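1. Provided below for reference: sequence and predicted model.
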Amino acid sequence: MFSPMAFVAILVGTVLGIILGALPGLSAAMAVALLLPLTYSLEPVAGIGLLLGAFSGAVAGGSVPAILLNMPGTPGSIATTFDAYPMAQGGRAGKALGLSVAASFLGGIISGAVLILVSPMIAAIALTFGPAEYFSLSILGLMIIVSLSGHSLIKGLTVGLIGMLLSTVGADQVTGTLRLTFGQMSLLTGVSLLAVIVGLFAFSQLLKDAEFLNRGTAGNKVDSGVDRAFPRFREVLGSWRLLGVSSLIGTGTGAVPGAGGSIASLLAYDQSKRMSRRPGEFGKGCPEGVVASESSNNAMVGGALIPMLTLGIPGEGATAVLMGGLMIQGIQPGPMLFDTQAGLVYAIFASFILANVFMLFTQWWGIKAFVRILRVPKHFLLPLIFVFCAIGVYSVNRDFFDVYLMIGLGLLGFFLSRFGFGVAPAVIGLILGGVAETNLRRGLQIFEGDWTPFFSRPVSLLLLVLALIFLAMSLRSSWKAKPST
């Protein structure tokens with residue numbers, strides 16, 4: 001692995017991954033896919049290292065536009081915007097970037113340790129998940145909507161239901177019946193998640209910035225204390241309990257196929273808010289929110305590698321592309337891989353750890369350059385961001401309908417924000433609504449209409465009980481936050 005070619009390949013993959021992840025609209029899966037052709041002529045370790053570096057770098061790089069522009073570069077950076085962007089607005093962009101980089105590195109290292117030590121055990125647990133467990137897991141995730149609803153539970157639930165409605169568009173995954181397509185062929189496979197995320201977060205933010213620019217309102221404050229970003233690494237270590245819990249949430253969520261970084265970061269953010277002694281500061285620039293989101297987001301990467309390597313099941317979109325890269329190199333992921341090519345497996349482990357080290361130093365070195373983005377005049381920056389968003393959304397399905405959808409949802413997000421509605425519950429509803437519906441119906445088919453297995457299976461029951469506990473805690477906190485009359 002320390003041959004010059006492998007070493008350089010991991011470094012190049014990490015740097016390119018950070019750059020691609022920082023472009024709003026380009027996901028980690030797309031970053032890995034774009035670099036996949038470069039691996040054809042490389043040795044297996046160098047080729048896999050290049051892709052692992054791109055995967056880790058893209059997930060970490062997604063925090064840059066989330067912090068500076070309130071535009072998540074990747075879906076997993078959605079929760080980062082909640083507190084990191086308010087920090088940047090308050091003149092603490094350097095601190096937010098420093099916290100993000102340090103938390104990303106430590107989350108990746110923790111997940112790497114779990115990947116190396118207990119990957120077969122975690123993969124075996126994930127393999128036991130059936131429709132009942134997936135349904136209960138999605139219900140647990142939907143409880144996040146309650147805690148992200150802010151001061152108005154009704155507004156949060158309304159936006160969450162909009163997202164769940166969007167999840168029903170397209171061909172029914174159980175029967176194949178078309179729903180809410182209105183004769184539009186582009187909706188046969190459902191609403192593009194990337195178009196929804198970029199539209200609600202990035203394009204709506206572009207409209208807000210354009211509005212302020214038209215009014216002559218001053219832009220973000222530039223953090224003059226960027227040089228003090230590095231010591232914030234110790235501040236992250238001071239939050240070791242939060243960091244450990246968030247990293248384990250990210251690793252465990254990543255090990256469940258189909259969960260992904262967006263769910264991992266939202267779950268960790270929600271849990272950090274419950275653990276915090278100052279939950280009222282979340283959403284207003286609380287460093288704990290940044291640490292929780294970014295550590296879990298990058299820990300998801302190591303978790304997603306667990307089912308891919310041990311079972312041959314991709315944990316999420318980027319690992320599906322990565323799995324294709326392994327097979328191109330003549331490597332078949334699965335249980336036999338540990339017996340037949342154990343040396344290669346440990347080279348993959350070491351490449352992942354090294355990619356996180358490269359990510360740490362590359363992003364630390366680039367903090368000053370990243371913050372200078374805030375000095376670029378908005379009338380130059382906004383059109384460029386729109387172009388990148390449109391290209392990223394179009395490139396997934398090569399369909400201009402997704403670009404129009406992005407614009408329409410951006411307008412919706414702009415007006416929702418104007419009237420005090422948050423847009424994050426819509427994304428949660430879209431991601432988890434389809435999972436809940438599909439697995440509920442599949443479970444009822446398997447159990448022949450019997451509801452009791454959803455409550456009698458131990459893991460499913462545990463997840464539902466946790467959902468009820470979280471709901472009760474959120475409602476209690478919301479009730480306490482109401483001003484007394």
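-> Yep, that arrived.

2. so the spatially most central residue of the chain versus Phe7, what's the distance?
-> What sits nearest the mean C-alpha location of the chain, by C-alpha atoms, centre = their mean, is Gly76, with 1.2 Å. Here Gly76 is placed at a distance of 27 Å from Phe7 (C-beta to C-beta, to the nearest Å). Where you see a C-beta, it was placed from the backbone N, CA and C, and this is true even at glycine.

3. equivalent analysis for Ala264, please.
-> Going from Ala264 to Phe7 by C-beta to C-beta gives 29 Å.

4. hang on, the residue nearest to the centre of the chain packs against Val59?
-> Yes. Counting by C-beta atoms under 8 Å, Gly76 does reach Val59; the two are 5.9 Å apart.

5. immediately after the longest helix seen in the chain, which helix or strand?
-> For the chain, the longest helix by residue count, based on DSSP state H, is helix 93-127. Per DSSP states H and E, the first helix or strand lying C-terminal to helix 93-127 is helix 131-142.

6. next, the angle helix 93-127 makes with that following helix.
-> Relative orientation of helix 131-142 versus helix 93-127 (axes from the mean of the first three to the mean of the last three C-alpha atoms, to 10 degrees): 160 degrees.

7. distance between helix 131-142 and the chain's centre?
-> The gap between where helix 131-142 is centred and where its chain is centred comes out at 18 Å by C-alpha atoms, centre = their mean, to the nearest Å.

8. now do it: which elements does it pack against?
-> Helices and strands touching helix 131-142, by 3 or more C-beta pairs under 8 Å, 6 or more residues apart in numbering; DSSP states H and E, are helix 260-275, helix 424-446, helix 453-456, helix 458-481.

9. in stretch 455-470, which residues are buried?
-> Buried residues in stretch 455-470, counting neighbours by 16 or more other C-beta atoms under 10 Å, are found at Arg457, Ser460, Leu461, Leu463, Leu464, Ala467, Phe470.

10. kindly apply the preceding question to stretch 154-174 instead.
-> The neighbour-count check on stretch 154-174 (16+ other C-beta under 10 Å) flags Lys155, Gly156, Val159, Gly160, Ile162, Gly163, Met164, Leu166, Ser167, Val169, Gly170 as buried.

11. wait, Leu188 sits on Asp172?
-> No. Taking contacts as C-beta under 8 Å, Leu188 lies outside contact range of Asp172: 11.1 Å.

12. quick one: common contacting residues for these two?
-> Residues touching both Leu188 and Asp172 (C-beta atoms under 8 Å, 6 or more residues apart in numbering) are Leu178.

13. now do the phi/psi pair for Leu178.
-> Note on Leu178: its backbone torsions stand at phi -80, psi 140 [degrees, to the nearest 10].

14. quick one, grab the pLDDT at the closest residue to it other than its chain neighbours.
-> Spatial nearest neighbour of Leu178, chain neighbours left out: Ala171 (5.7 Å); criterion: C-beta to C-beta, 6 or more residues apart in numbering. Model confidence at Ala171, expressed as pLDDT, equals 87.

15. strands of this structure, start to end?
-> Counting by DSSP state E, the chain has strands at residues 170-171, 178-179.

16. state the mean pLDDT of the last one.
-> This points to strand 178-179. pLDDT averaged over strand 178-179 gives 92.

17. in the sheet, which strands lie alongside it, parallel or antiparallel?
-> Partners of strand 178-179 in the sheet, by DSSP bridges, are strand 170-171 (antiparallel).

18. tell me how far the strand it pairs with lies from the chain's centre.
-> Offset of strand 170-171 from its chain centre (C-alpha atoms, centre = their mean): 24 Å.

19. do the same with stretch 88-108
-> Relative to the mean C-alpha coordinate of its chain, stretch 88-108 is positioned 16 Å out (C-alpha atoms, centre = their mean).

20. likewise for stretch 455-474?
-> 23 Å.

21. contacts for that stretch?
-> Residues outside stretch 455-474 that contact it (C-beta under 8 Å, 6+ apart) are 128-130, 132-133, 135-137, 139-140, 142-143, 146-147, 270, 274, 453-454.

22. could I get the average pLDDT for stretch 454-464?
-> Averaging pLDDT along stretch 454-464 gives 88.

23. for that stretch, C-alpha coordinates in CSV please.
-> The C-alpha coordinates for stretch 454-464 follow below in CSV (Å, rounded to 0.1, in the frame of the first residue of the first chain):
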residue,chain,number,x,y,z
PHE,A,454,-44.2,-5.8,13.7
PHE,A,455,-44.5,-5.7,17.5
SER,A,456,-43.4,-9.3,18.4
ARG,A,457,-40.1,-9.3,16.6
PRO,A,458,-37.5,-8.1,19.2
VAL,A,459,-35.5,-5.6,17.0
SER,A,460,-38.7,-4.2,15.4
LEU,A,461,-40.3,-3.7,18.8
LEU,A,462,-37.1,-2.1,20.3
LEU,A,463,-37.1,0.4,17.4
LEU,A,464,-40.8,1.3,17.8
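
24. just give me the neighbour total for Glu448.
-> Neighbours of Glu448 under the rule other C-beta atoms under 10 Å: 6.

25. now do it, the pLDDT please.
-> Glu448 is assigned 87 on the pLDDT scale.

26. for it, phi and psi?
-> According to degrees, to the nearest 10, Glu448 has phi 60, psi 50.

27. which residues does it contact?
-> Not one residue lies near Glu448 by C-beta under 8 Å, 6+ apart.

28. compare Ala264 and Phe7 and say which is more crowded by neighbours.
-> Neighbours per residue, other C-beta under 10 Å: of Ala264 and Phe7, the larger number sits with Ala264, 33 against 16.

29. need the contact list for that one.
-> Shown in contact with Ala264 (C-beta under 8 Å, 6+ apart): Gly76, Ile249, Gly250, Thr253, Gly254, Ser296, Asn297, Ala299, Met300, Gly303.

30. burial of the closest residue to Ile18 other than its chain neighbours, as a residue count?
-> Nearest non-adjacent residue to Ile18, counting by C-beta to C-beta, 6+ apart: Gly61, 3.8 Å away. Counted with other C-beta under 10 Å, the neighbours of Gly61 add up to 33.

31. need the pLDDT of Gly61.
-> What the model reports for Gly61 is a pLDDT of 85.

32. hang on, isn't it packed against Leu16?
-> No. Gly61 is beyond contact range of Leu16, at 9.5 Å (criterion: C-beta under 8 Å).

33. what's Val290 in contact with, if anything?
-> Applying C-beta under 8 Å, 6+ apart, we find Val290 in contact with Ile67, Thr80, Asp83, Ala84, Met87, Ala96, Leu99, Ser100, Ala103.

34. out of these, which end up buried?
-> Ile67, Thr80, Asp83, Ala84, Met87, Ala96, Leu99, Ser100, Ala103.

35. of all the residues you listed, which comes closest to Leu384?
-> Looking at the buried ones among the contacts of Val290 and their distance to Leu384, the nearest is Ile67, at 17.7 Å (C-beta to C-beta).

36. distance of the closest one relative to Val101?
-> Here the criterion is C-beta to C-beta. By it, Ile67 lies 10 Å from Val101.

37. what do you get for Ile162?
-> Separation of Ile162 from Val101 (C-beta to C-beta): 34 Å.

38. ditto for Leu11
-> Distance from Leu11 to Val101, by C-beta to C-beta: 16 Å.

39. between these two, who's got more neighbours?
-> Just comparing Leu11 and Val101: by other C-beta under 10 Å the higher neighbour count belongs to Val101, 30 against 21.
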